[in-house]
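Asks: The sequence and its predicted three-dimensional model are supplied below.
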Amino acid sequence: MTASLRATTIYALIITSILVGCARRPALTAMTAPAPTAEPAAAPAPATEERSVARQEETVVAQRPEPATFAENDNVKTIYFDFDRYDIRPGDAKTLEADAAWLKTHDVLILIEGQCDERGTVEYNLALGDRRARAAMNHLVALGIAADRITTVSYGKERPVCDAHDESCWALNRRAHIVVKSRG
């Protein structure tokens with residue numbers, strides 16, 4: 001009797017599963033295409049909106065200065081980061097304070113290059129380098145430097161200052177390097 005009860009229960013579950021699975025399918029009559037309405041005429045508006053966004057992006061790109069036009073300056077210093085981190089360390093915060101003091105008295109544009117050590121994928125290091133550059137930028141902005149003077153770029157692990165494969169070298173490559181150029 002127990003075996004027949006199990007068989008009946010299993011059959012009931014299978015049939016219930018089939019019926020529940022079929023119930024989720026939409027009826028064929030609902031699949032017919034609705035009659036055309038005036039909505040397709042409104043479709044060009046998003047294309048115009050997309051073109052407007054594209055124009056804004058072109059403007060932003062056109063205003064972004066070329067990294068090659070920036071140069072190192074002994075008055076602004078590079079800051080460094082711990083492994084896999086992008087928060088500003090206390091000693092580096094003091095470095096940025098000194099950088100901000102000099103930048104306040106000089107009318108220059110600022111490029112902050114976020115960089116990483118060789119560990120990690122290209123994509124990961126580009127994202128981490130971007131976070132490092134933005135962290136430095138946000139700190140300078142908090143210290144009174146106008147955000148419109150600052151551009152950030154991430155080089156990930158593509159521009160190491162040290163090529164050895166050890167911690168002391170990797171520590172030198174985990175940085176936000178600041179370069180400047182005159183506004184003119």
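Replies: Nice, thanks for sending it over. Numbering: from 1, shown residues only.
Asks: Mind jotting down where the strands sit in this protein?
Replies: Secondary structure of the chain by DSSP state E: the strands cover 79-80, 108-115, 150-156, 175-182.
Asks: At which residues are the helices of the protein located?
Replies: For the chain, the helices defined by DSSP state H cover 2-23, 44-63, 90-104, 122-142, 167-173.
Asks: low-confidence ranges in this protein?
Replies: 1, 3, 5, 7, 11-13, 15-65, 184 (pLDDT under 70).
Asks: circling back: please work out which of the strands of the chain is packed deepest.
Replies: Of the strands of the chain, the one with the most neighbours on average (mean count of other CB atoms under 10 Å) is strand 108-115, at a mean of 23. Just so you know, the C-beta spots here come from the backbone N, C-alpha and C atoms, and that holds for glycine as well.
Asks: Quickly run through the sheet partners of it, with directions.
Replies: strand 150-156 (parallel), strand 175-182 (antiparallel) (DSSP bridges).
Asks: Save these as CSV, and put in distance to residue 123 too.
Replies: As requested, the strands paired with strand 108-115 are exported to CSV (distance: least, CB to CB, whole Å):
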stretch, distance to residue 123
strand 150-156, 8
strand 175-182, 19
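Asks: Nearest to residue 14, out of the strands of the chain?
Replies: With CB to CB as the measure, strand 150-156 is the member of the strands of the chain nearest residue 14 (54.6 Å).
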